[in-house]
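**Q** This is a predicted model, with the sequence first.
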Amino acid sequence: MKKLEKKLKVKKIDNVIRHYFYFIFVIIILVNKMKVKIFDENHERDLEKDINNFIDENDVEIIDIQFRTAVSIFSSEQIYCFSAMILYK
């Protein structure tokens, strides 16, 4: 019983810490007037093109770019999703 109680306390603490960091992240974004741009494409070259066009067309300071891929299967077809999030000023 004590082990279960300890695990539950650890989970509660982890959730509090996670929410705290999300809150701090939002504050940092608001204070620094950062913005987010999200791209989503079916092919990595299209994603690359979109990101490069965004950077070329906008005079922005890039802070971070995060990239993700996802794959799913529908019937016998594989579906790819390439996405990126740009954090900028």
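**A** Arrived safely, thanks for sending.
**Q** beta partners of Thr69?
**A** Beta bridges link Thr69 to Phe82, judged by DSSP bridges.
**Q** Outline the domain layout of the chain.
**A** When the chain is parsed with automatic domain parsing, its domains come out as 1-33, 34-89.
**Q** highest average neighbour count across these?
**A** Of those, the one with the most neighbours on average (mean count of other Cβ atoms under 10 Å) is domain 34-89, at a mean of 12. Using the backbone N, CA and C atoms, a C-beta is placed for each residue, glycine as well.
**Q** gap between that one and the chain center?
**A** 10 Å (Cα atoms, centre = their mean, to the nearest Å).
**Q** now the end-to-end length of that domain.
**A** End-to-end distance for domain 34-89: 5 Å, by Cα to Cα, to the nearest Å.
**Q** before we move on, what about stretch 37-46?
**A** OK, stretch 37-46 end separation, Cα to Cα: 16 Å.
**Q** three-state assignment of Lys49?
**A** Three-state call for Lys49 (DSSP: H, G, I helix; E, B strand; the rest coil): helix.
**Q** Phe25 versus that one, what's the distance?
**A** For Lys49, the distance to Phe25 equals 29 Å [Cβ to Cβ, to the nearest Å].
**Q** can you check Ser83 too?
**A** 19 Å.
**Q** Check Phe67 too.
**A** Here Phe67 is placed at a distance of 19 Å from Phe25 (Cβ to Cβ).
**Q** Repeat that for Lys35.
**A** 14 Å.
**Q** same check, this time on Asp40
**A** Note on Asp40: its distance to Phe25, by Cβ to Cβ, is 22 Å.
**Q** Chain neighbours aside, what residue packs nearest to Asn32?
**A** Lys89 (6.7 Å; Cβ to Cβ, 6 or more residues apart in numbering).
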